[in-house]
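# structure for this input, please:
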Amino acid sequence: MTAHRTAGRANQKLRTRTAIVEAAAELSGTGREVTMPEIARAALVSEATAYRYFPDLAGLLREAIAGQLPSAATALEAVADSGDPVARVAAATEFLLRHILSRQGVVRALIAATITRPGAPPHARPGLRFGLIDNALAPLERSLGAADPAALAQLKRDLAVVVSAEALFGLTDLHGLDPEQAIVSIVHTATTLTRTALQDLPDRP
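Predicted coordinates for the structure are as follows:
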C-alpha cells in the first residue's frame, strides 16, 4: 500500500509539472505577456504550486519553449541556395524579428530575467539569433573566413547587436515605430553593416 501511495504521489507530481510546462508553452505562442499567475491559472493550479515546481519564471519558460525554436537551416530555407550574404542576412533578420513579435510576451520575460541576473550563464536565453547569423554568413565562412577572420568575427558581433529583440523593442517601445516600420529599419541596418563589411574584406567573391 505504501509503495502504491508513493507511486501515486509521484505520478500526480509529474502530471502537475507537465500541466504547468504545457500551459507555459501554449501561452508563449500567443504573444501576450506571460506571468506565473497566468500560467498557474491556465494549468489549473495555484501560483504557490507553480512556484514550488519552478522557483523562477525564466527557468519554466526556457523548458516550455525548448522544442519550439526552429533550426537556423529551417528558418533560412528560402535562401538556402543563395550565396549572397546580404540577401541571407536580410532573410535571417526578418525571420527573427517576426518570430519575436509572434511570442513577444515570453521574449520580454526572458530579457527581463537576464537583465536582472547579469551573472546568468549564456544559455539563460535561447540563442536563435546567433545560429541565424552564422547560417546567413556561411558563404563568407567558406570563402573569406580564412582571409580576414577578425573582420568576419566583428561583423557577427555587430549583427548580434542589431538583429535582436532588444533592437526591435527599442524601436517600438521607445522610438514609437510600429512593428513593420521597425522591421524595415532593422533589416536596412543589418544589410548595410553586411555590405560595408564586404567592401572592406579582401578578395570579395
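# what are the ranges of the helices in the chain?
Listed in chain order, the helices of the chain (DSSP state H) span residues 2-28, 36-43, 47-53, 57-64, 72-75, 85-102, 104-116, 128-136, 138-143, 149-162, 165-169, 179-200.
# and these, which one averages the lowest pLDDT?
Across the helices of the chain, helix 138-143 has the smallest mean pLDDT, namely a mean of 80.
# what's around residue 150, how many residues?
Residue 150 sits with 7 neighbouring residues when counted by other C-beta atoms under 10 Å. Bear in mind the C-beta positions are built from the backbone N, C-alpha and C, glycine included.
# do you know how far it is from residue 130?
Using C-beta to C-beta, to the nearest Å, one obtains 18 Å as the distance from residue 150 to residue 130.
# before we move on, what about residue 61?
19 Å.
# compare the two (neighbour count), which wins?
When residue 61 and residue 130 are compared for neighbours, residue 61 comes out ahead with 27 against 15, by other C-beta under 10 Å.
# residues contacting residue 159?
If a contact means C-beta atoms under 8 Å, 6 or more residues apart in numbering, then residue 159 has 89, 133, 190, 193-194 as its contacts.
# can you pull the contacts of the residue nearest to residue 187 when sequence neighbours are not counted?
The spatially closest residue to residue 187, leaving aside those adjacent along the chain, is residue 93, at 4.9 Å (C-beta to C-beta, 6 or more residues apart in numbering). By C-beta under 8 Å, 6+ apart, the contact list for residue 93 reads 162-163, 183, 186-187, 190-191.
# what of residue 175?
residue 182.
# would you mark the buried spots in stretch 140-160?
Residues of stretch 140-160 classed as buried: 140, 144, 148, 151-152, 155-156, 158-159 (neighbour count, 16 or more other C-beta atoms under 10 Å).
# tell me how many other residues surround residue 104.
Using other C-beta under 10 Å as the criterion, residue 104 is surrounded by 22 other residues.
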